[in-house]
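S.K.: just coords:
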């Protein structure tokens, strides 16, 4: 198969599913890891895909772009793991917490195994599934209900009404972007209203956002920067962003991200 033919196959798969992994493409196309990466480089240079760790996703950029859950789940994996591990340390036994929908909060859910007697409210089927599968009998999981979005959030009046009756010790909010004037944003108007209700239910708000979310702006604001009691990001956050955020949030926490190991590439 010629390079242009391979790239057409890759692009079609990205458009169909939202994301591709290098390992899957190696098997499907019958070529080397290095050949696949060269094809992804070529597609990225033409603006047709966005390269991420281990693969590629659909190219984004507009304020209403909303990648699906699978597409977002392969982006910034080491950063999300580091942020989730750091955020889990904020959760105390016997508390009631909220987890918004999103791949970073979904990652956090897997780090809560050691927290006893926990009540978790979420508008994410994915998050609820993770918590239920962990098998703890001293845990209560509350799923809000609502209309499902492309990012697997449950939103709308049903979700909002459920959240307005609750009082939570701590809410962990995943966001699409953050910027000085826009605050914490999402590309989905309905998701914004539901997340706002989740924020309003919290005594303390913890925002989880890796460094790539800085200067990204979705169409709708969930909360202003100064509404966050804690912002957990990673050490990839640039110095200018750190200084601005430190002026607005009560506490800025930067999680160290382990260095990525590079593997020797096999010739095509």
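M.R.: Yes, it's here. The model shown is predicted, which means the values in this text are computed figures rather than measured ones. Numbering: from 1, shown residues only.
S.K.: Hmm, residue 250 is touching residue 229, no?
M.R.: Yes: taking contacts as CB atoms under 8 Å, residue 250 lies within contact range of residue 229: 4.8 Å. C-betas here are computed from N, CA, C, even on glycine.
S.K.: For burial, what's the neighbour tally of residue 167?
M.R.: As a burial measure, residue 167 scores 8 neighbours (other CB atoms under 10 Å).
S.K.: Oops, could you answer that again for residue 189 instead?
M.R.: Neighbours of residue 189 under the rule other CB under 10 Å: 12.
S.K.: Excluding chain neighbours, give the residue nearest to it in space.
M.R.: residue 220 (5.1 Å; CB to CB, 6 or more residues apart in numbering).
S.K.: Kindly report the same for residue 160.
M.R.: Closest to residue 160 by CB to CB, 6+ apart is residue 197, at 4.6 Å.
S.K.: roughly how far apart are residue 48 and residue 112?
M.R.: 38 Å (CB to CB, to the nearest Å).
S.K.: Looking at the two, which has the bigger crowd around it?
M.R.: With neighbours defined as other CB under 10 Å, residue 48 and residue 112 compare such that residue 112 has more, 20 against 17.
S.K.: mind listing what that one touches?
M.R.: Taking CB atoms under 8 Å, 6 or more residues apart in numbering, we find residue 112 in contact with 88, 91, 118, 120, 131, 134.
S.K.: Please indicate which of the residues you listed has the highest neighbour count?
M.R.: residue 120 leads the contacts of residue 112 on contacts (other CB under 10 Å) with 25 neighbours.
S.K.: So what's the residue count around residue 125?
M.R.: For residue 125, using other CB under 10 Å, the count is 15.
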